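Trainee: No sequence on hand, only this structure:
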């Protein structure tokens with residue numbers, strides 16, 4: 001009698017899940033990942049190997065220690081970037097024939113740890129203001145490519161000495177200084193005279209971050225979140241969104257699509273509007289990876305984050321100064337629905353050592369840059385390696401019972417649908433019964449494609465956001481497999497500097513045996 005074969009499809013979707021047991025995950029979340037390292041849940045479906053990074057320029061910042069400030073200058077004509085190291089601010093224009101970091105200004109106290117900034121344009125003049133928690137604010141003017149510090153000599157200027165965060169709201173600059181929210185006069189970035197519309201608001205909790213959201217300025221504190229509304233000092237009103245939780249790190253606050261992400265005491269949360277006017281929802285976005293985020297918080301107390309707008313993606317990195325680049329940890333989340341934390345699918349990053357980061361558009365190209373303690377600035381989403389080192393991408397499924405968890409299945413074929421964007425050489429494993437050591441497990445096999453299945457324009461050095469000529473075709477990789485078990489798991493690993501590829505679907509062919 002002929003044995004009847006059945007098929008079991010695994011659609012790669014759902015992202016990393018670590019908050020339930022592997023068997024529950026294998027039953028209820030087929031296609032999700034038990035391990036998802038350096039793969040990103042893609043808006044095009046499936047899991048795509050992340051891009052690498054390259055040096056923004058071979059020029060190295062002088063000084064020592066970490067890069068203390070980093071900003072993309074939003075100039076549509078030239079690619080300018082600002083960075084600070086050892087208390088000195090530098091400027092580089094990578095469109096110059098021979099780019100080099102030129103010094104702008106030196107801080108009075110060079111021991112500050114990290115500067116935050118905001119860009120603005122008053123009276124058709126592009127400027128950036130930096131605050132570092134120690135010094136007075138520093139102002140960069142793009143038209144003259146110069147930078148200066150304000151001093152305490154002006155009316156009220158001393159109120160912003162030691163500001164640690166800054167934001168632009170209603171054509172007014174707002175500074176967080178300890179528990180004080182200090183703001184300038186409208187359209188006047190250094191005018192702190194109350195007679196001209198400047199002022200301050202006292203809070204009874206340390207301000208950890210500021211972010212504009214819709215028609216409000218969100219004031220994140222250590223143990224509460226407030227909302228400032230109004231148009232000027234005459235009608236600014238501060239009200240509470242929640243007094244039950246706050247934000248732990250200003251450097252985790254980012255707007256992702258129509259939500260604001262931040263790190264709270266119980267994980268990554270989103271702040272989003274609800275159907276009720278003036279109301280907000282605060283969801284735990286990282287619920288599916290709660291143990292992963294908890295581990296990351298124990299691994300590092302120093303975080304940075306960035307967004308990749310073209311991918312609706314949020315990335316947060318933990319930083320440990322003395323660790324090797326290859327073991328640096330982080331998480332990334334892709335946003336699949338308009339609002340709410342439940343719409344994120346997650347993965348882990350490894351080998352991205354990020355102390356400070358920034359992302360902005362220059363003209364129509366998105367630049368995502370970061371730096372650590374080696375004196376270089378890197379461009380993320382650039383190339384296929386980590387500045388020459390391999391990108392180690394791993395997908396591992398939970399152990400899936402397929403049908404009845406108490407019945408043994410004999411497996412015959414594994415058909416993998418993969419969309420390559422260049423040459424690939426991928427290792428694949430099939431494992432049975434929770435990788436039982438007493439059970440013989442199949443050997444690793446390789447999936448190789450030299451052509452990539454389509455025409456590519458600049459595939460190995462392509463930068464996200466640039467033109468791609470031709471689309472890679474999804475390829476089917478048919479593999480005969482052996483072995484049997486009550487549960488089965490797949491592991492796909494790529495340790496190379498090859499081009500990216502997208503895991504689409506896996507199809508297992510099997511026969512179910514009689515119950516013992």
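Mentor: On my side now, so go ahead. Quick caveat, the model's predicted, so the values are computed rather than measured.
Trainee: which helices and strands does the host helix or strand of residue 476 pack with?
Mentor: Assigned by DSSP states H and E, residue 476 belongs to strand 475-480. Counting contacts by 3 or more Cβ pairs under 8 Å, 6 or more residues apart in numbering; DSSP states H and E, strand 475-480 is packed against strand 409-420, strand 445-449. The C-beta positions use only the backbone N, C-alpha and C, and glycine is treated the same way.
Trainee: Which element, helix or strand, includes residue 392?
Mentor: Using DSSP H and E, residue 392 falls in strand 391-396.
Trainee: tell me what that strand is packed against?
Mentor: Using 3+ Cβ pairs under 8 Å, 6+ apart: strand 391-396 touches strand 35-37, strand 39-41, strand 47-49, strand 488-496.
Trainee: can you do 10 Å?
Mentor: Packing partners of strand 391-396 (3 or more Cβ pairs under 10 Å, 6 or more residues apart in numbering; DSSP states H and E): strand 35-37, strand 39-41, strand 47-49, strand 344-350, strand 424-432, strand 488-496, strand 501-512.
Trainee: Can you tell me the strand partners of that strand and which way each runs?
Mentor: If you go by DSSP bridges, strand 391-396 pairs up with strand 35-37 (antiparallel), strand 488-496 (antiparallel).
Trainee: buried sites along the helix or strand where residue 24 lies?
Mentor: Using DSSP H and E, residue 24 sits within helix 22-28. Neighbour counts over helix 22-28 (16 or more other Cβ atoms under 10 Å) mark 22, 25-27 as buried.
Trainee: and that helix, average pLDDT?
Mentor: Averaged across helix 22-28, pLDDT comes to 91.
Trainee: Now do the buried residues in the strand holding residue 476.
Mentor: Residues 475, 477 are the ones in strand 475-480 that count as buried (16+ other Cβ under 10 Å).
Trainee: cool, and stretch 173-192?
Mentor: Quick answer for stretch 173-192 (16+ other Cβ under 10 Å): 173-177, 181-186, 188-192.
Trainee: helices or strands up against the helix holding residue 24?
Mentor: strand 488-496.
Trainee: let's go with 8 Å and repeat that
Mentor: The helices and strands touching helix 22-28, judged by 3+ Cβ pairs under 8 Å, 6+ apart, number zero.
Trainee: Relative to the whole chain's centre, how far out is that helix?
Mentor: Computed by Cα atoms, centre = their mean, to the nearest Å, the chain-centroid distance of helix 22-28 equals 27 Å.
Trainee: List of residues touching it?
Mentor: With Cβ atoms under 8 Å, 6 or more residues apart in numbering as the test, helix 22-28 has contacts from 17, 20, 32, 34, 397-401, 405, 434, 487, 489.
Trainee: Could you look up the next helix or strand downstream of the worst-scoring helix or strand of the chain on mean pLDDT?
Mentor: Across the helices and strands of the chain, mean confidence by mean pLDDT, DSSP states H and E is lowest for strand 280-284: a mean of 81. For strand 280-284, the following helix or strand on the C-terminal side (DSSP H and E) is helix 290-299.
Trainee: Now do the buried residues in that following helix.
Mentor: Residues of helix 290-299 classed as buried: 292-293, 296-297 (neighbour count, 16+ other Cβ under 10 Å).
Trainee: where's the closest residue to residue 81 other than its chain neighbours relative to residue 147, distance?
Mentor: Using Cβ to Cβ, 6 or more residues apart in numbering and skipping residues adjacent in sequence, the residue nearest residue 81 is residue 92, 5.4 Å away. Distance, residue 92 to residue 147, by Cβ to Cβ, to the nearest Å: 13 Å.
Trainee: Equivalent analysis for residue 30, please.
Mentor: 55 Å.
Trainee: what's the answer for residue 395, then?
Mentor: Distance from residue 395 to residue 147, by Cβ to Cβ: 46 Å.
Trainee: Name the residue in these two with the higher neighbour count.
Mentor: Ranked by neighbour count (other Cβ atoms under 10 Å), residue 395 and residue 147 place residue 395 first, with 25 against 21.
Trainee: Could you list which residues are in contact with the more buried one?
Mentor: 12, 33, 35-36, 39, 47, 490-493, 503.
Trainee: now those residues as a markdown table including pLDDT?
Mentor: As requested, the contacts of residue 395 are exported to a markdown table (pLDDT from 0 to 100):
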| residue | pLDDT |
| --- | --- |
| 12 | 97 |
| 33 | 97 |
| 35 | 97 |
| 36 | 98 |
| 39 | 98 |
| 47 | 98 |
| 490 | 96 |
| 491 | 96 |
| 492 | 97 |
| 493 | 97 |
| 503 | 97 |
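Trainee: quick one: contacts for the residue nearest to residue 313 when sequence neighbours are not counted?
Mentor: Residue nearest to residue 313 in three dimensions, not counting chain neighbours: residue 334, with 5.0 Å by Cβ to Cβ, 6+ apart. If you count contacts by Cβ under 8 Å, 6+ apart, residue 334 has them with 15, 40-43, 311-313, 344-345.
Trainee: Brilliant, that's me finished.
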